[in-house]
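Visitor: structural data only, the sequence is not supplied:
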């Protein structure tokens, strides 16, 4: 799931939050060899860009067109995006799924709704885009301002993002300059797949997964 709300245009990470999110998604698609992937985007409403497919190149080719302002309704509605993702999973032949959300912020009021939406074997992880210090938001050759004409500072809300993933059996990964965040998530997917295969073969036992350190 990719957040296309205006704050994703902020440039506290270069060249911008949205471009860095594109690059992370492309890296995931490049490294991931097996499985199916779907892509959902949202601003004030959520839309399916691609249903589940093994054709990662199609998703990669569409990424450059997915920028804030392309969707008809502005705003931020991650609740609708998660619900849409869940519906995609349930209407497909996918029996085990993991949702990865690229965003810089989620309203605390949305956490309970998202947690209630997810159930069963679907978990939610988040790559937090941006910095906690934040940055201004480019808008119409200027900067986005509030009602008092003050520049809006978009800050990554790591506390709420981490809280949400703790309640949805996933991980919160602050975006990294290298690919350690992507590699961590792909390792988690592989470990999860191995666990499912073991269950299918009725083999039980302790499994340890070294997550390493993310800063």
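Guide: Yes, it's here. Note that the structure is a prediction, hence the values are computed from the model and not measured.

Visitor: make sure residue 26 is indeed in a helix.
Guide: Yes: applying DSSP: H, G, I helix; E, B strand; the rest coil, one finds residue 26 inside a helix.

Visitor: list the contacts for the residue positioned nearest the centre of the chain?
Guide: The C-alpha lying nearest the average C-alpha coordinate of the chain belongs to residue 101 (C-alpha atoms, centre = their mean; 1.3 Å). By C-beta atoms under 8 Å, 6 or more residues apart in numbering, residue 101 lies in contact with 1, 3, 78, 81-82, 124-127. Any C-beta I mention is one placed from the backbone N, CA and C, and that applies to glycine too.

Visitor: please state the offset of stretch 167-186 from the chain centre?
Guide: Mean C-alpha position of stretch 167-186 versus that of the full chain (C-alpha atoms, centre = their mean, to the nearest Å) differs by 10 Å.

Visitor: now swap in stretch 67-86 and tell me
Guide: Computed by C-alpha atoms, centre = their mean, the separation of stretch 67-86 from the middle of its chain amounts to 12 Å.

Visitor: for the longest strand seen in the chain, buried residues please.
Guide: When the chain is scanned for its longest strand (criterion: DSSP state E), the result is strand 46-53. Of the residues in strand 46-53, those with enough neighbours to count as buried (16 or more other C-beta atoms under 10 Å) are 46-47, 52.

Visitor: what mean pLDDT does it get?
Guide: Per-residue pLDDT values across strand 46-53 average out to 96.

Visitor: what is the subsequent helix or strand relative to that strand?
Guide: Scanning forward in sequence from strand 46-53, with DSSP states H and E defining helices and strands, the next element found is helix 56-62.

Visitor: in that next one, which residues are buried?
Guide: 56, 59-60.
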